[in-house]
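Enquirer: Just to be clear, the model below is a prediction. Sequence and coordinates:
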Amino acid sequence: KVQHSSAIKKKKGRRYCCGYPISIFFIVVNEFCERFSYYGMRAVLVLYFRYFLLWDDDLATSIYHAFVALCYLTPILGAIIADSWLGKFKTIIYLSIVYAIGQVTMAISTIHDITDANRDGTPDNFTFHIALSMLGLILIALGTGGIKPCVAAFGGDQFQEHQSRQLNTFFSVFYLCINAGSLLSTLITPLKSVASTLMVFIAGSGMYVKTDPEGNIMWSVCKCIGFAIKNRFRHRSSSYPKREHWMDWANEKYDKLLIAQIKMVLKVLFLYIPLPMFWTLFDQKGSRWTLQATTMSGDFVSILISTVNPILILTLVPIMDRLIFPLIQKCGLNFSPLKRMTVGMLFAAMAFVSAALVQIEIDKTLPNFPSSSESQLKVVNTYSTTLNVTISPNEHLLIESFGSSADYVTFDHQDITVSLNTNPVITKAFSLIKGGRQTLIIPSDPTVMRDFVLRHGEQWCEFSRKFGFGASYTFLIPSTVFSDDCESITEVEDMKPNSVHMALQIPQYFLITTGEVMFSVTGLQFSYSQAPKNMKSVLQAGWLCTNAVGNIIVLIVAELGKLPKQWAEYLLFASLLVAVSIIFSIMAYFYTYIDPAEIEAQVRKEQGLEPEEMEKETLEMEEKDEDQKNEQGVKQTKI
Ligand SMILES: C[C@H](N)C(=O)N[C@@H](CC(=O)O)C(=O)O
């Protein structure tokens, strides 16, 4: 009782602006800075794996998703630390420091000069860079994941029960800030943002409502569930009367209020079971879709593509909140939160169908690489005249001087003989590499080989070309290169530039983001509204865990599935999500929305706790009056 009164006294110190606690401003700006830092790093992570650490697509995708999964598993740790030990405020501060150390470690791991002793532009000791970047990523996951459930719940704590409208607006603005941070991070370097995160958060210190840690609620929940299961098992004989709910088997030892609260949480957690599938698709934006973009063309569009999700969120959230959802309501349709989430899932599935269609277009333009039993050869002629090249047994190519064969010629055997119609005829045998691509260069004089060196000192020439995305070239440099200012360099195109434009990815981004607004924003609000007051962080952590499981599913599919065609993998994910959304809609049909405060009040009443409740209500009424006076004051000042 004493603790409760002191908590309420603390609440009395709050200050308001336009009906909202001022402390909210610091929390929202803190979230903006934190997401700015997180998404700035995440946007280039898979490319860092692919092009700096030189991992293949599957390994890059797997480690990326393992990292994201870790970021969404650590919220459990954050919720435990906050609830049982440090409280949300201190947890956010301490884990932000861990986060900052992680970002610095990660930044250091990307400096190739540290191990590049021979200065060839690539690191010499990959193990060092891999170890450092993994350490950095683990610290970042601990930091970002740990503070995540605390920030949303800490924001919620700043409101009072009668401020449900403001609370809903807070969650929408909170989500908008996440995306504003994500959007800006892609455009500006996110290096200093963790420091800003901390400073902004600490600046608001005097204004927050800081509730003391109430003990390890997660541990109490686990013990209570464990006891209920054990007790049920001990009384399994049919001679014992059945109880309404299996959790009622904890009645002998645990408080009725705690049992009622656990029942509410379990009901929601059960509903969460199918949700990871949404995240499985959603988080492939950062891996498979980013890699898909690297096989497409378009310069400035690449920036647009990486910012399209947050831009769409910033426009769609207000449109949905202010226009679409009220309009649907006006039409007499009950578009409940769970229905919105189901529709969100279907949008995500459509996004993957769109990605599959784009992939089919890309595949048509991709080079036809040799299978493991085949070999490919391209012939380049630097001889002074056109040559007739015969490759045994029956391949005849007519190649102009300083030209090349139109494309790679595929052989299903490795030993070949090449003959040139020179005078005298030259014939040479070669052994090709199985499963590889090679280029045979016929020198300017087949009997004499010359070396050409391009110097950057006294003699130099500038050779500049605009190279297409994804293309590969061979340059033929004659001895006269310096005298004619590089004019004589001939370019042979080994691989055509990507020709499918990145703008084709926009529909899939639009669909997945529409899905996100329906699913993620609603899910965040739903998780907060359906949780008892002391278990808000627990349910936030549960909600974030659905994201972690989603990323683990991608890991499994990327490692085990290994479908030969990428578009088939996209379609597989889309079909899985449609199936899961059907299951979810059935589960949602049987779910009844609750008001946790009402249920708690009822249990308290049954336990004969009305006097304390009444005292609390009186205190809250007093506080409400004071807040209204406060708000009135703001309005009067405005007038
Ligand atoms: C940038 C994304 N559109 C976004 O809003 N992400 C949220 C939800 C999530 O991925 O967990 C966030 O970063 O909190």
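Expert: Alright, I've got the coordinates. These numbers come from a predicted model, not from an experiment.
Enquirer: So which residues on the chain come close to the ligand?
Expert: When proximity is defined as CB under 6 Å from any ligand atom, the chain approaches the ligand at 35, 175, 178-179, 182, 309-310, 313, 516, 520, 547. C-betas here are computed from N, CA, C, even on glycine.
Enquirer: Take the residues you listed and keep only those in helices.
Expert: If you go by DSSP state H, the residues of the chain next to the ligand have 35, 175, 178-179, 182, 309-310, 313, 516, 547 in helices.
Enquirer: Kindly give a single ChimeraX line that selects the buried subset of the residues you listed.
Expert: Buried residues among those (16 or more other CB atoms under 10 Å), as a ChimeraX selection:
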select :35,175,178,179,182,309,310,313,516,547
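Enquirer: got the contact list for F128?
Expert: With contact taken as CB atoms under 8 Å, 6 or more residues apart in numbering, F128 is in contact with 114-115.
Enquirer: on that earlier part again, mind putting the ones in helices among the residues of the chain next to the ligand in a markdown table, pLDDT included?
Expert: Shown next, in a markdown table, are those (pLDDT from 0 to 100):
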| residue | pLDDT |
| --- | --- |
| R35 | 89 |
| Y175 | 88 |
| I178 | 90 |
| N179 | 90 |
| S182 | 86 |
| N309 | 88 |
| P310 | 89 |
| I313 | 92 |
| E516 | 95 |
| N547 | 94 |
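Enquirer: returning to what we had before: what's the farthest-apart pair in the residues of the chain next to the ligand?
Expert: P310 and N547 (17.2 Å; CB to CB).
Enquirer: Could you give the number of residues near the nearest residue to M341 once chain neighbours are set aside?
Expert: Using CB to CB, 6 or more residues apart in numbering and skipping residues adjacent in sequence, the residue nearest M341 is F519, 5.0 Å away. F519 is flanked by 25 other residues according to other CB atoms under 10 Å.
Enquirer: Could you check how far whichever strand or helix holds G136 is from the centre of its chain?
Expert: Assigned by DSSP states H and E, G136 falls within helix 126-157. Centre-to-centre, helix 126-157 and its host chain are 13 Å apart (CA atoms, centre = their mean, to the nearest Å).
Enquirer: how about the strands of the chain, start to end?
Expert: 16-17, 20-21, 375-381, 387-391, 395-399, 403-404, 409-411, 415-420, 426-431, 437-442, 472-476, 490-495 (DSSP state E).
Enquirer: Dump those into JSON lines; add distance to Y72 and mean pLDDT as well.
Expert: Compiled in JSON lines, the strands of the chain are given as follows (distance: least, CB to CB, whole Å; pLDDT from 0 to 100):
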{"stretch": "strand 16-17", "distance to Y72": "33", "mean pLDDT": "77"}
{"stretch": "strand 20-21", "distance to Y72": "28", "mean pLDDT": "83"}
{"stretch": "strand 375-381", "distance to Y72": "44", "mean pLDDT": "87"}
{"stretch": "strand 387-391", "distance to Y72": "55", "mean pLDDT": "88"}
{"stretch": "strand 395-399", "distance to Y72": "55", "mean pLDDT": "88"}
{"stretch": "strand 403-404", "distance to Y72": "50", "mean pLDDT": "84"}
{"stretch": "strand 409-411", "distance to Y72": "46", "mean pLDDT": "87"}
{"stretch": "strand 415-420", "distance to Y72": "54", "mean pLDDT": "88"}
{"stretch": "strand 426-431", "distance to Y72": "52", "mean pLDDT": "86"}
{"stretch": "strand 437-442", "distance to Y72": "41", "mean pLDDT": "85"}
{"stretch": "strand 472-476", "distance to Y72": "38", "mean pLDDT": "76"}
{"stretch": "strand 490-495", "distance to Y72": "38", "mean pLDDT": "76"}
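Enquirer: closest one to I259 among those?
Expert: strand 20-21 (32.7 Å).
Enquirer: Please name the strands paired to the closest one in the sheet, noting orientation.
Expert: According to DSSP bridges, strand 20-21 forms sheet pairs with strand 16-17 (antiparallel).
Enquirer: wait, what's in contact with I583?
Expert: I583 neighbours (CB under 8 Å, 6+ apart): P274.
Enquirer: got the contact list for the closest residue to T427 other than its chain neighbours?
Expert: Setting aside the residues directly before and after it, T427 is nearest to S419 in space (CB to CB, 6+ apart), at 4.5 Å. Residues near S419 by CB under 8 Å, 6+ apart: 389-392, 425-427.
Enquirer: Filter these down to the buried ones.
Expert: Here, 16+ other CB under 10 Å leaves 389-391 buried among the contacts of S419.
Enquirer: correct me, but F347 touches G515?
Expert: Yes: applying CB atoms under 8 Å as the test, F347 and G515 come out as touching, 3.3 Å apart.
Enquirer: For those two, indicate the residue with more neighbours.
Expert: G515 (24 against 21).
Enquirer: what about that one, distance to T342?
Expert: 10 Å (CB to CB, to the nearest Å).
Enquirer: now swap in I114 and tell me
Expert: Taking CB to CB as the measure, I114 falls 50 Å from T342.
Enquirer: same question, Y175
Expert: Y175 is 19 Å from T342, by CB to CB.
Enquirer: ok, now which ones touch the nearest residue to L135 once chain neighbours are set aside?
Expert: Excluding its sequence neighbours, the residue lying closest to L135 (CB to CB, 6+ apart) is T105, at 5.6 Å. By CB under 8 Å, 6+ apart, T105 lies in contact with 132-133, 135-136, 139.
Enquirer: Highest neighbour count among these?
Expert: Counting neighbours by other CB under 10 Å, S133 comes out on top of those with 23 neighbours.
Enquirer: How about it: what's its closest non-neighbour residue?
Expert: S109 is the one closest to S133 (CB to CB, 6+ apart), at 3.9 Å.
Enquirer: residue contacts, the one you found?
Expert: 129, 132-133, 136.
Enquirer: Kindly report the same for W246.
Expert: By CB under 8 Å, 6+ apart, the contact set of W246 is 228-229, 232.
Enquirer: can you tell me how far it sits from L269?
Expert: 14 Å.
Enquirer: same deal with A293?
Expert: 36 Å.
Enquirer: if you count what's nearby, which of these two comes out ahead?
Expert: Taking other CB under 10 Å, A293 and L269 do not tie; A293 has more neighbours (22 against 17).
Enquirer: Does that one touch H501 like I think?
Expert: No: with contact defined as CB under 8 Å, A293 and H501 do not form a contacting pair (10.5 Å).
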